[in-house]
Each structure stands twice: as C-alpha cells, then as structure tokens.
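Student: dropping a prediction and its sequence here:
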Amino acid sequence: MLFDFAIIGFGVIGVEILQGIKKNLLNNKKRVNKKIKIAIIEKDLNNIPGGVAYSKKNSKFGFFNNPLRLSHPEFISWFNDKNNKKKLFDFAKKNPNYNLIKWIEKNRFILNKSFKNYNEIYLPRLIYSFFLEERIIDFLNCKKRLNVSIKFFKGEVNNFNNVVHYNIFSKKTFSEFSINFSNETLKKKIKKKSCYLIKSKKIIIGTGIIPPKKINEVNKIKNSNYIWDFYSSGGTNNLINKINKIFKIKKNIRLVFIGNKAGLLETMQEVEKLIKKIKIKIICISKNSLTLQKAERSKKFEFFQFKYLTKKNIKKIKKTYQILDLLNKEFKKAKIDGFYKYDVWTKTLKNKIMNSCYNQLNYHEKKKYNLITFPQIRNMTRYTYPDTVSAKNRLEKRKVLRFFKDKVIKIIKNKKNIILKTKNKKTISCDIVVNVSGPVSILENQDEIKFVTSLKRITKKFNERGFSTNKIFMLENGIYLPGTFSNNFNPGRETIIKAITKNAHKVAKNILN
C-alpha cells in the first residue's frame, strides 16, 4: 500500500498531526470524499500515549520544567475540568510507587472549583499522557466519518530514500499493530503481519528528544550500568532501579552524571530520598558549570514593567544582536530595581516579546538568530521546577554531590565497575554513569539517530542546530520536521510542548492542501 503520509513517532507531534487533520477535514467537506491513507510508526509501544517524554513508563518521577500557564491553551482548558484533575489524583492513589502522594496533599486545593489561581503549579509529566490518550480516542472515533484509513507499525526507522515516493526501511522489520479502546483506555496488540518497508508520498518526523553524542565505549556488553540515552531508557525510574539492584551487592555506590542540565535535576528529588538508606556519592562532569535556574518570581513581580523591550525599541530592531542587547539590558535594570530575572522572562513569554523581535528580522538575520542568538538566549533563560533545584542544592551542601569541569572521552565497562577517562587526564571509577549531556549536534551525528544520514542525503540545508525548514516546517520534497530536528522550530522561546503543538497543527493544515 502507498500511504499519503507516514508519521515517524507517535508522541505529541504524531497525535497533534492527527488532531490537526481532523479539524481541517471537518472544516473542509470537499476533502472528505477522498480517502486519506496514514501510516504511523513507533519503535516502542510503551511510549503510547505520551511518547518518550510523557508516557507513564518513561516520565515516572518527572515533572514539567515550566508551570501550567506556559503550556498550550487546549491542555490548560482540558486540565481545568475537575474530572481530568481527579484522574491524576486517582492515579496517584492507585500507584503509590510513583511517589506522588505528597504532591497530591500539597496541591489538593486545585480540586476546589472556586479556586482558579493555580497557573504556577508544576504538574507531573505523566498527566500529559492522559490528555493525549483522549485525543487518540477522539480521532479513532471519527476516522470513518473523516474517510481516513490508518495503520500502525512497530519498528525503528533506519533510513529512507525518495526515488518516486519515499521508501522507509526499518532497522529489522516493521510489525503491524492495532489500537483499540475500552473504558477510555487504549489497548495495543501486535498483529502477525510484518514488512520490510513502508511506502509513502510524504513524511512527518515526529520523534522527540534527541539523544546525546555517543562516547567511545570499551567492552560494550560487559556492564549495563552506563545509561547513554537517559529519557528513552526509562529516565529516573531506570536509574533508581539500577541503584537498588547494586545496593543488594554493595553498600557504597558511586554515581556519575555526564552533563548538569535538566536530566541531572530531574533525578535529584528521588536520589535525595534514597540517600537516607543508601550511601551514595555523586559526581557531575560537565564542560561548564551552568545549570537550570529556579523558576521563582519575586514578591514585586506584579509591578514589573519593561524599560527596554518596549514596542518602540522592538520596532527599531534590524539585527539579531539587538535582541540580545535589549534582553541583557532588561535583566540588568530589573536586578537593580529589586526584581528577579525570572520576573522579566515571565512577562517576556506572556507578551510574546521574542516572537515580536524575531518577526522584525529579515531572512538572513533570522538564519543568524536561529544559529547563534537563539542558543545564547536559551542558555540565559533556562528555568525549571524549583523543587528539583532545591534538592540539588541540598545534596551539594551536604557534599553528596560534587561538580567537575571536564569532558569524558572514554568509558571502560568492566564487570564490577565503570572507568571514565577525561580530557584533563583524570581516571574516575564508578558504579553507574548517566549521560545527560544534551542532544547530539546534527553535524556530529553518526549513528545516534539512524535516519539523519538519509536526511543529509536529501538536503544540504542543515547546521549544528538542526535542519533549516520553511515557514510550514517543510524541509523539501514533502518531508516535514515540526519538532526539535528543525533549527527554527521555536524562535519565540516558548515551552517546547507549546511550540511543537502549534507547529504540528500548521503541518497538518498544509499536507492536506
């Protein structure tokens, strides 16, 4: 069968593409007469619903990096329904191993209808899988009316080519599976049918978190306590399981993190709980000491007003460096006046200031912004759930956690331990290593993401930050990248979930034209 389009990955992007298709078909009755054939490819059925970032399996113990107010409007509206809040509370009670009871007790007030001001709440990430599950069921319920056929395939995309249409190849084979539902719960079942390739006119790449660059490993098979791809391997839950397993053999555990950003912070609360019964020493090795900051507003927040990022100044922007200059001045002035940087950034996002600034630039300056200025702004404005930062600070104060400025260049995996060799010629022996060093650059990618080589064969439009897509996130020849593979997927520095949802809807509208 030749599909009209294939969606690689069935997390947020995959589900939102379907939602976008549904909305556009219902609003354009002429399109309903033509049957649309869709293939969805997902390598791990445990990721449905939610993908790597939000599935119940991989997001266990994880929280959103941003408060509810920064999510996209449809999810905020969904969560405002008392029944949906109750789903989270009921799940926490039935699954005490998710350690959400204290969070539930602390935030029980959100069930009160009269209380509306909880936009600053940080939700457990798994709640998003409930939201996406409803959207999948909603699409399946109306696909006949939409005149859409959809087939699901389990498999890891290895490469693809575009001779007449796209031939998509699996690392092994694609196994067809079905998705049904009962009592608002999805049921997935593998069918006996399998195939070696899937043919499609267009491709939407909806895979999420890009893994870190691979480090030279020696004796790859001898030790499974090196976690290369933290999120897709099970996140904090996987780490905790490894710690508990080693604790049965030895009482002192040495844990090393490569990188110090979101992945490190996500584990801190659960690791802090463990050190009450297990003696753990933690080392963090990173190229720089910058980590994520607490997302906390000052008591004066409501009185903050822009002094530099004003409409008058924004209209004068012609060069990308002017955006960075205005933001730096705003931060400095705010500090003098007794405000926090987060006060400035909160108002910046609320008023979509970065989008306004970006729209002032011409095509060439936008390219500079995406490659150079955006990463600088991102490093200045990375905030997260305050409780994780507090846990990290407490562990550091107790000297359980230490930081080293260095780079790991070799990992030697022995049966009983792991040896790290660093750029500064240090040798570190440890029990568990977690690589949270951030996504591999598209330029450096070798076999971290298999199908990137196929993309590079098709186009030369890429740099170290990703592929350069157009306004509708099409790379070329019917390939769409609405997510983090695109270097211009989020110029406004919105939350990733908000940006990729809007991008997916834009792609869905375009592919139907």
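Tutor: That came in fine, so what should we check first?

Student: so what touches stretch 124-132?
Tutor: With CB atoms under 8 Å, 6 or more residues apart in numbering as the test, stretch 124-132 has contacts from 11-12, 15, 49-50, 53-56, 59-60, 62-64, 75, 78-79, 84, 87-88, 91, 98, 100, 103, 497. All C-beta spots, glycine's among them, are computed from the backbone N, C-alpha and C.

Student: in strands, which of these appear?
Tutor: Among these, no residue falls in strands (DSSP state E).

Student: quick one, longest helix in this protein?
Tutor: Selection of the longest helix in the chain by residue count, based on DSSP state H, yields helix 127-146.

Student: in that helix, what's buried?
Tutor: Going by neighbour count (16 or more other CB atoms under 10 Å), the buried part of helix 127-146 is 127-137, 139-140, 143, 146.

Student: all helices of the stretch 101-250 of the chain, in order?
Tutor: If DSSP state H, counting those that start in this stretch is used as the criterion, the helices of the stretch 101-250 of the chain fall at 101-106, 127-146, 235-247.

Student: can you put these in a markdown table and add mean pLDDT and distance to Asp4?
Tutor: Putting the helices of the stretch 101-250 of the chain into a markdown table (pLDDT from 0 to 100; distance: least, CB to CB, whole Å) gives the following:
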| stretch | mean pLDDT | distance to Asp4 |
| --- | --- | --- |
| helix 101-106 | 92 | 43 |
| helix 127-146 | 94 | 13 |
| helix 235-247 | 96 | 35 |
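
Student: tell me which of those helices lies nearest to Thr381.
Tutor: Closest of the helices of the stretch 101-250 of the chain to Thr381 is helix 127-146, at 22.5 Å (criterion: CB to CB).

Student: so what's Ile449 up against?
Tutor: With the criterion set at CB under 8 Å, 6+ apart, Ile449 makes contact with Thr207, Ile210, Pro211, Val440.

Student: okay, it: pLDDT?
Tutor: Looking at Ile449, its pLDDT stands at 92.

Student: isn't Ala39 up against Ser149?
Tutor: No - here Ala39 lies out of contact with Ser149, judged by CB atoms under 8 Å, at a distance of 9.7 Å.

Student: skip the chain neighbours and tell me the closest residue to Ser356.
Tutor: Setting aside the residues directly before and after it, Ser356 is nearest to Ile314 in space (CB to CB, 6 or more residues apart in numbering), at 5.3 Å.

Student: tell me the phi and psi of that neighbour?
Tutor: phi -60, psi -40 (degrees, to the nearest 10).

Student: for the one 3 residues further on, same thing?
Tutor: For Ile317, the backbone dihedrals (degrees, to the nearest 10) come out as phi -70, psi 130.

Student: got any ranges where the stretch 151-300 of the chain has weak pLDDT?
Tutor: Applying pLDDT under 70 to the stretch 151-300 of the chain flags no residue at all.

Student: can you give me the strands in it?
Tutor: Assigned by DSSP state E, counting those that start in this stretch, the stretch 151-300 of the chain shows strands spanning 157-162, 166-182, 185-205, 216-218, 226-227, 252-258, 279-286, 293-294.

Student: right, and the ones you listed - which one's nearest Lys397?
Tutor: Closest approach to Lys397 among those is made by strand 279-286 (12.8 Å; CB to CB).

Student: so which elements touch that closest one?
Tutor: Packed against strand 279-286 by the contact rule (3 or more CB pairs under 8 Å, 6 or more residues apart in numbering; DSSP states H and E) you find strand 252-258, helix 262-274, strand 401-405, strand 427-430.

Student: now the angle from the longest helix of the chain to strand 166-182?
Tutor: 100 degrees (axes from the mean of the first three to the mean of the last three CA atoms, to 10 degrees).

Student: quick check: angle from helix 127-146 to strand 185-205?
Tutor: Going by the same axes, to 10 degrees, helix 127-146 makes 80 degrees with strand 185-205.

Student: chain center to helix 127-146: distance?
Tutor: When distances are taken as CA atoms, centre = their mean, to the nearest Å, helix 127-146 is centred 21 Å away from the chain's centroid.

Student: who touches Thr291 in this structure?
Tutor: With CB under 8 Å, 6+ apart, Thr291 has these contacts: Asn260, Lys261, Leu264, Leu265, Val389, Lys392.

Student: what is the nearest of those residues to Lys187?
Tutor: Distances from Lys187 to the contacts of Thr291, taken by CB to CB, are shortest for Leu265, at 35.1 Å.

Student: for the closest one, which non-adjacent residue is closest in space?
Tutor: Nearest non-adjacent residue to Leu265 (CB to CB, 6+ apart): Thr388, at 4.2 Å.

Student: list the contacts of that neighbour.
Tutor: So Thr388 contacts Phe63, Leu265, Glu266, Met268, Gln269 (CB under 8 Å, 6+ apart).

Student: swap the cut-off to 6 Å and go again
Tutor: If a contact means CB atoms under 6 Å, 6 or more residues apart in numbering, then Thr388 has Leu265, Met268, Gln269 as its contacts.

Student: and which of these is nearest Ile121?
Tutor: Looking across the contacts of Thr388 and measuring by CB to CB, the closest to Ile121 is Gln269, at 16.4 Å.

Student: that closest one touches Ala391, doesn't it?
Tutor: Yes - using CB atoms under 6 Å, Gln269 is in contact with Ala391, at 4.6 Å.

Student: neighbouring contacts of the host helix or strand of Asp4?
Tutor: For Asp4, the element it lies in under DSSP states H and E is strand 2-8. Strand 2-8 is contacted by residues 14, 17, 36-37, 39-41, 157, 168, 198-206, 511 when judged by CB under 6 Å, 6+ apart.
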